[in-house]
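Novice: Sequence plus the predicted model coming up.
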Amino acid sequence: GAGVSQSPSNKVTEKGKDVELRCDPISGHTALYWYRQRLGQGLEFLIYFQGNSAPDKSGLPSDRFSAERTGESVSTLTIQRTQQEDSAVYLCASSLASGRNEQYFGPGTRLTVT
Amino acid sequence: GENVEQHPSTLSVQEGDSAVIKCTYSDSASNYFPWYKQELGKRPQLIIDIRSNVGEKKDQRIAVTLNKTAKHFSLHITETQPEDSAVYFCAGGGNQFYFGTGTSLTVIP
C-alpha cells in the first residue's frame, strides 16, 4: 500500500519568503508528526497531531512555524519569513495511534533558504 | 519534556564483530523506546522497539535491552555486516517521541 508521501521533495526559497510543506499520511493513521533534521543531526520534534485533539505544538521553534491538519488526512507545515537556519530536511511521520506504535516516515522535504 | 541522550556518536567495527549503542532518558513516564536506522539520503525506518513492561527483545541479529530503574536502553547488533552501516537513532516517549542525536555506524569489511 501507499506509504507516507511528502511534497515537494526539494524546495529552494529566498530568505524572507513563506513556504508550505505538505504531508499525506498513511490512510487510517490517526497520529501525525513533523520533525526537522539538520544536516548530520538528529530528528527534532516539531508538532504532533492525534485525531481531532488539539495538536501538541511544544516543539515548534518560533511563531514563524505553524501546522494544520485536515481531519485525519493531509497536513501542511508553514514557515513564514524563512531564515537561513530553517534550512533542513523536514520529515513527516504517521502512526496508527499515538504512542507505542511504529512511526512510518515520509521521504522528507529538503528546504534550502538562500 | 523528555531528554534522550545517545552514545557514541560514531562507531566503527570490523565485519562480524558486535556493535552496542546506548541511550539514556529522563522522563520516567516514557513507556516506548523504538530504534530507527537511517541510511544516507533515506528516511528513518524502525528496526526494533521495546515497551516498558519488557526488559529485553531480540530479532535475529538485533537485540534491545531496557533498564527502567536506571533509565537507559541499548541496541546490540551481533555479527555485523557492511549493510548494517548507517545512522541509528534511539527514541523515547509516550505520545510524542524525542530522538537521540544518532550514532553513525561503519562496518569495515
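Specialist: Sure thing, it's come through. Numbering: from 1, shown residues only, chains lettered A, B, ... in the order given.
Novice: can you map out the helices along chain A?
Specialist: Using DSSP state H, no helices are found in chain A.
Novice: So which bits of it are right by chain B?
Specialist: Within reach of chain B by Cβ under 8 Å from any Cβ of the partner chain, chain A has these residues: A:31, A:33, A:35, A:41-45, A:48, A:50, A:56, A:58-59, A:91, A:98-100, A:102-103, A:105-108. Just so you know, the C-beta spots here come from the backbone N, C-alpha and C atoms, and that holds for glycine as well.
Novice: Buried only: go through those residues for me.
Specialist: Applying 16 or more other Cβ atoms under 10 Å in any protein chain shown to these, the neighbour count classes A:31, A:33, A:35, A:42-45, A:48, A:50, A:56, A:59, A:91, A:98-100, A:103, A:105-108 as buried.
Novice: So which of these belong to strands?
Specialist: Judged by DSSP state E, these include A:31, A:33, A:35, A:43-45, A:48, A:50, A:91, A:105 as members of strands.
Novice: for stretch B:63-77, which positions count as buried?
Specialist: By 16+ other Cβ under 10 Å, the buried positions in stretch B:63-77 come out as B:63-66, B:68, B:71-77.
Novice: Now do the contacts for the residue positioned nearest the centre of chain A.
Specialist: Nearest residue to the geometric centre of chain A (Cα atoms, centre = their mean): A:W34, 3.3 Å. By Cβ atoms under 8 Å, 6 or more residues apart in numbering or on different chains, A:W34 lies in contact with A:23, A:46-48, A:67, A:75, A:77, A:90-92.
Novice: Am I right that B:P34 is in a strand?
Specialist: Yes - using DSSP: H, G, I helix; E, B strand; the rest coil, the assignment for B:P34 is a strand.
Novice: residues near the nearest residue to it once chain neighbours are set aside, how many?
Specialist: Residue nearest to B:P34 in three dimensions, not counting chain neighbours: B:D49, with 3.9 Å by Cβ to Cβ, 6 or more residues apart in numbering or on different chains. Residue neighbour count, defined by other Cβ atoms under 10 Å in any protein chain shown, stands at 19 for B:D49.
Novice: Please determine how far B:D49 is located from B:C90.
Specialist: Using Cβ to Cβ, to the nearest Å, we find B:D49 at a distance of 10 Å from B:C90.
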